[in-house]
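Trainee: coordinates only, no sequence provided:
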């Protein structure tokens, strides 16, 4: 736990490579929002919507953009991207427990597993045959690491997560609690007596610096591997089916589901609750707003959406009733357009005959 | 287990404060639906749709509203809210195991943790440093309680749930199996080399009498805490992101997702599969029907909806094609309206010129 | 692990009851896709979209339909349903660990539980009082089997899954990691002081050959049992509420949610992310495309859908704005139609008066 740590403002300026306007010896022992920060704490201004709170801050120091530096009533750390400054600083004040090297006596570690001496294996964790646990890996309590799975250097796996057999996870990843990596893909062949299970003999390969949320499930491949590339970040309760491929640095928000063999590009942002059908390809740089239903491939980067937004139930009932009449309405509109053209033609011919008759 | 318990009808009438019309000495050893209940069981009539089953019931007794009491063919417990009567009675016949005070030998409890003698700590549970487990708390098997987290009096946590460090849970809560409370919020700053993790240094604070469903995830705050107020009930597989606030007695059905910093009022009902975007506020008493996508704040109580409802795929394809033409259709309609006005004007001027000419 | 197994092509032909066109003595040690398979591996051609890869395959053998047999450049196993052939074959090359009979020393097994000698009970598993674990059952690490629950012959339960008390699971089922079966249904009665918990005193009964995905939650019934019939297959992160009934051989894809007391027929296919409201009935053979919101019962088999599909955010914004004007637009269209009819009538009367006047 770093909770009780404190730093001088000069130390922090050095860490952030920020310009210090103020007293380098001020002691900072916490980080808080612009509104909540008090004496001894540092804060930041990244979102212009909060600029109005700057003048009243009770923080000891604020990370600000050069634009706002002159308006800062207290000591300032000036840098071009205060949000990145906050991101870096947050780790100094993280109360998350730091795990020491070692193995809890209650962990069950197969004799054939290779576990680095610098790794932490928590209570009741299970490391199966031929698994490889790298340097400084953290395996929290109740985690299951399956046969022949490999956990790369510095990766941390939170409590009760399950890694099946034959899963390869890169370095410096962070997997939250209750995730399941490498479960069977949903593969069945329809047979005369019902669904015939297809053994899922592929694995899962996860790159470096990947984050995976709590309760998220990533299935193993049917034949080839499911692939999650470097720098991907995945939120909670996301479902990633067998043989999906996720390109580097793509972000996937909570409750999204990606069906089998979909290939998602790099630098995409998939909003919360989105659904993506299987066997399609999505280009790099595609952004989907929340709850978008992707029913076919997307070949160009850009922002995509679906749904109806929302409204009062009374108004919604009317619009929905009309939604199901839309084809009829469109046909009626076409008919009316045609009628109007006819009327116009008649009116025109009448006018011209009138002109002729005059 | 209370499975084999039995009670006299008089005892039950006393417990429910119901008027007994019948034999107080009848022995009741079970609770079932109006259709399924048999000799020795009690049932209830709350939903008028089931009134037609009353005459044929084989139950020994029925909890009924005064309105239906005269039609009850067997002994009756008469009260104004039979559904509340059923709710109270259900606990007498709950077969759920009752946990005795004590600690299973396989549990790993840190020396610095404070665990009440009246608490139950199940097999393979892990109670970390400085955690506080209150009186009569139940921690089932495989549960992880993180560093310095506090579990209030009478709260029960089902198997394999994970409570991270720095989480405060109130009294008389019930958390189902496989939930994850206090995982990292999904906070990253976009940097030159990819997403930069923001340490989530806030916690989670949960009030009293809160219920949390199986597999539900509630993230810790980025700086401030995520807040769940008293009496909130949350179903399974719900995602609650960092810094969300849920007002008292709000109900959230399964598969809903609430994005970061959303503030939900009290006494709301969020239907299953709803999605709520971040950084918005929802008033008290808002009800959302299932799968509603809330894209902005709601300032007034009431019932809100979204989506298209459903229909045959063939009809749906037609309506969807038209949905994406809606702006064009609306413009065409406007054009036609204009044309019709012109035709009318022409027709009127023709009529008046005709009148003049007559 | 069957990973290093190898078989002669003749053995495989016998197993699949396929016609062998080629050398029965060829040794097959792996299974891969048509594009990836190399020397010593077998593959299959089931989807016509991949027929173009047949000529170039480097596999040692291909399972093909009689139609394609003549085009197969290597040894062929000819059968009418190559996909079923692949399904059967996949199990020969499944690297999943095979669990031996026995009980890990760290498992906690109640004295009153009945566990077959041929069952496997993994590390840190918990088998509670009066539970029954059948022949050849596999209980992986960290699984909790509640009081009086029954696990049928040959059923396998993956790591950290929780089975509550009073759950009956049939034979030859497979439950992936992190699932929760038998948690409390979401049942509360609104009372003067908030929600009053209704004890969920029903159980869950699951048939034979049922598959349940990772992180999926199936709640116990309020009074009667929740029922999952034989041959049902359920993907990851699916929510099945109390007293739901799922008919035989129905398939439910990931992230779907089924509300309380819904009764789903047999041989249905529920797409990913679908939501089904409670207390309705869905006929046999209903197929729902992904993210369909079912708001009422369905009495006829067929394919059903909902939603708007997706498009660019710019186009979507326009269509959504119009969606909420649909009732107005429809009324305006009706008005215009009426006007046009009037104009027509006027035009007709003018024409006829003109005719008369001529």
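Mentor: Thanks, I have the structure now. The model shown is predicted, which means the values in this text are computed figures rather than measured ones.
Trainee: any idea which helix or strand comes after the host helix or strand of residue A:87?
Mentor: Taking DSSP states H and E as the criterion, residue A:87 maps to helix A:82-90. Going down the chain from helix A:82-90, the next helix or strand is strand A:102-103, by DSSP H and E.
Trainee: what is that following strand packed up against?
Mentor: strand A:120-121 (3 or more CB pairs under 8 Å, 6 or more residues apart in numbering or on different chains; DSSP states H and E). The C-beta positions use only the backbone N, C-alpha and C, and glycine is treated the same way.
Trainee: which residues touch residue A:43?
Mentor: A:31, A:32, A:33, A:34, A:37, A:57, A:59, A:61, A:62, A:63 (CB atoms under 8 Å, 6 or more residues apart in numbering or on different chains).
Trainee: pLDDT value on the residue lying closest to the third one once chain neighbours are set aside, please?
Mentor: Across the structure, with CB to CB, 6 or more residues apart in numbering or on different chains as the measure, the residue nearest residue A:33 apart from its sequence neighbours is residue B:223 (5.2 Å). At residue B:223, the model reports a pLDDT of 97.
Trainee: so how far is the helix or strand bottoming out on mean pLDDT in chain A from its chain's centroid?
Mentor: When each helix and strand of chain A is scored by mean pLDDT, DSSP states H and E, helix A:326-357 comes last, with a mean of 85. From the chain centre to the centre of helix A:326-357 is a distance of 55 Å (CA atoms, centre = their mean, to the nearest Å).
Trainee: same thing with stretch A:199-214?
Mentor: Centre-to-centre, stretch A:199-214 and its host chain are 15 Å apart (CA atoms, centre = their mean).
Trainee: distance between the ends of it?
Mentor: Across stretch A:199-214, the terminal residues are separated by 26 Å (CA to CA, to the nearest Å).
Trainee: are that stretch and chain C in contact anywhere?
Mentor: Yes. Under the criterion of CB under 8 Å from any CB of the partner chain, chain C is reached by stretch A:199-214 at A:199, A:200, A:201.
Trainee: next: stretch A:294-307.
Mentor: Yes. Using CB under 8 Å from any CB, stretch A:294-307 comes into contact with chain C via A:294, A:295, A:302, A:303, A:304, A:305, A:306, A:307.
Trainee: what comes up buried for that stretch?
Mentor: Residues A:294, A:295, A:298, A:303, A:304, A:305, A:306, A:307 are the ones in stretch A:294-307 that count as buried (16 or more other CB atoms under 10 Å in any protein chain shown).
Trainee: am I right that residue A:204 is in contact with residue A:224?
Mentor: No. With contact defined as CB atoms under 8 Å, residue A:204 and residue A:224 do not form a contacting pair (10.7 Å).
Trainee: of these two, which one has the most company?
Mentor: Higher neighbour count among residue A:204 and residue A:224: residue A:204, with 27 against 18, using other CB atoms under 10 Å in any protein chain shown.
Trainee: check contacts around residue A:147.
Mentor: A:128, A:129, A:130, A:131, A:165, A:166, C:1, C:97.
Trainee: should've said residue A:291
Mentor: Contacts of residue A:291 (CB under 8 Å, 6+ apart): A:271, A:272, A:273, A:274, A:306, A:307, B:275, B:293.
Trainee: before we move on, back to that, among the buried residues of stretch A:294-307, which are in strands?
Mentor: Residues of the buried residues of stretch A:294-307 located in strands (DSSP state E): A:294, A:303, A:304, A:305, A:306.
Trainee: residue C:311 is in contact with the last one, correct?
Mentor: Yes. Here residue A:306 lies in contact with residue C:311, judged by CB under 8 Å, at a distance of 7.2 Å.
Trainee: the closest residue to residue A:337 other than its chain neighbours: neighbouring residues, count only.
Mentor: Take residue A:337 and drop its neighbours on the chain: the residue closest to it by CB to CB, 6+ apart is residue B:336, 5.7 Å away. Number of residues near residue B:336 (other CB under 10 Å) recorded here: 23.
Trainee: do the one 3 residues further on as well
Mentor: For residue B:339, the neighbour count with other CB under 10 Å is 18.
Trainee: neighbours of the residue nearest to it when sequence neighbours are not counted, how many?
Mentor: In space, and not counting its chain neighbours, residue B:339 is closest to residue A:340: 4.9 Å by CB to CB, 6+ apart. Residue A:340 has 22 neighbouring residues, counting by other CB under 10 Å.
Trainee: contacting residues for residue A:340?
Mentor: Residue A:340 touches B:336, B:339, B:340, B:343, C:340, counting by CB under 8 Å, 6+ apart.
Trainee: swap in residue A:343?
Mentor: Here residue A:343 is in contact with B:343, C:340, C:343, C:344, C:347 (CB under 8 Å, 6+ apart).
Trainee: could you do residue A:215 as well?
Mentor: By CB under 8 Å, 6+ apart, the contact set of residue A:215 is A:176-179, A:236-237, B:178, B:180, B:215, B:217, B:237, C:178, C:215, C:237.
Trainee: now secondary structure and distance to residue C:108 too, for those, in CSV please.
Mentor: What follows is these, written out as CSV (DSSP: H, G, I helix; E, B strand; the rest coil; distance: CB to CB, whole Å):
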residue, secondary structure, distance to residue C:108
A:176, coil, 26
A:177, coil, 22
A:178, coil, 21
A:179, coil, 25
A:236, coil, 30
A:237, coil, 29
B:178, coil, 19
B:180, strand, 23
B:215, coil, 23
B:217, strand, 27
B:237, coil, 28
C:178, coil, 20
C:215, coil, 24
C:237, coil, 28
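Trainee: thank you, goodbye.
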